[in-house]
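Asker: sequence first, then the predicted structure, then my questions.
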Amino acid sequence: MPADRHDPTILTTSEGAALLRMSAAKLRDLATSGMIPAFRVGPRWRFRRQDLLTWVEDMANRNVNPEARRTESAET
């Protein structure tokens, strides 16, 4: 499916920061440290939308109470 103009697949730092609701400076810091998936096009960082969404989901899952996850697993 081709990307449309309102939902680009590849995001700039500003677009990625807006998606994640963080500052562009923080997103650049995360990219530079390798803590978030990103790549460079020349001197500028670029981000795949799906990579950022997956990263957010992974971070949210890490922050779930481990005891609550064990209880859910035992019930299923």
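Answerer: Cool, the structure landed. In this text the structure is predicted, and so the values were computed from the model without any measurement.
Asker: tell me which helix or strand the residue nearest the centre of the chain sits in.
Answerer: Centroid check for the chain by C-alpha atoms, centre = their mean gives L52 as the closest residue, at 2.3 Å. Element membership for L52, per DSSP states H and E: helix 49-62.
Asker: now tell me what touches that helix from outside.
Answerer: Helix 49-62 is contacted from outside by D7, P8, T9, I10, L11, G16, L19, L20, I36, P37, A38, using C-beta atoms under 8 Å, 6 or more residues apart in numbering. All C-beta atoms are positioned from the backbone trio N, CA, C, and that covers glycine.
Asker: who's in contact with A38?
Answerer: Contacts of A38 by C-beta under 8 Å, 6+ apart are L30, A31, W45, R46, F47, D51.
Asker: please redo it, this time with the cut-off set to 6 Å
Answerer: Taking C-beta atoms under 6 Å, 6 or more residues apart in numbering, we find A38 in contact with A31, W45, F47.
Asker: I'd like to know which helix or strand in this protein has the lowest mean pLDDT.
Answerer: None of the helices or strands of the chain scores lower by mean pLDDT, DSSP states H and E than helix 66-75, at a mean of 57.
Asker: let me know the pLDDT of the residue nearest to the centre of the chain.
Answerer: Per-residue pLDDT puts L52 at 97.
Asker: for A24, see how far away it is.
Answerer: Remark: distance between L52 and A24 (C-beta to C-beta, to the nearest Å) = 13 Å.
Asker: ditto for T32
Answerer: According to C-beta to C-beta, T32 and A24 sit 12 Å apart.
Asker: looking at those two, which is more packed in?
Answerer: A24 (15 against 11; other C-beta atoms under 10 Å).
Asker: my guess is that one contacts T12. True?
Answerer: No: the criterion here is C-beta atoms under 6 Å, and A24 misses it with T12 at 8.8 Å.
Asker: between the contacts of helix 49-62, identify the one with the most neighbours.
Answerer: Among the contacts of helix 49-62, G16 has the most neighbours (other C-beta under 10 Å), with 25 neighbours.
Asker: tell me which element that one falls in.
Answerer: Assigned by DSSP H and E, G16 falls within helix 13-20.
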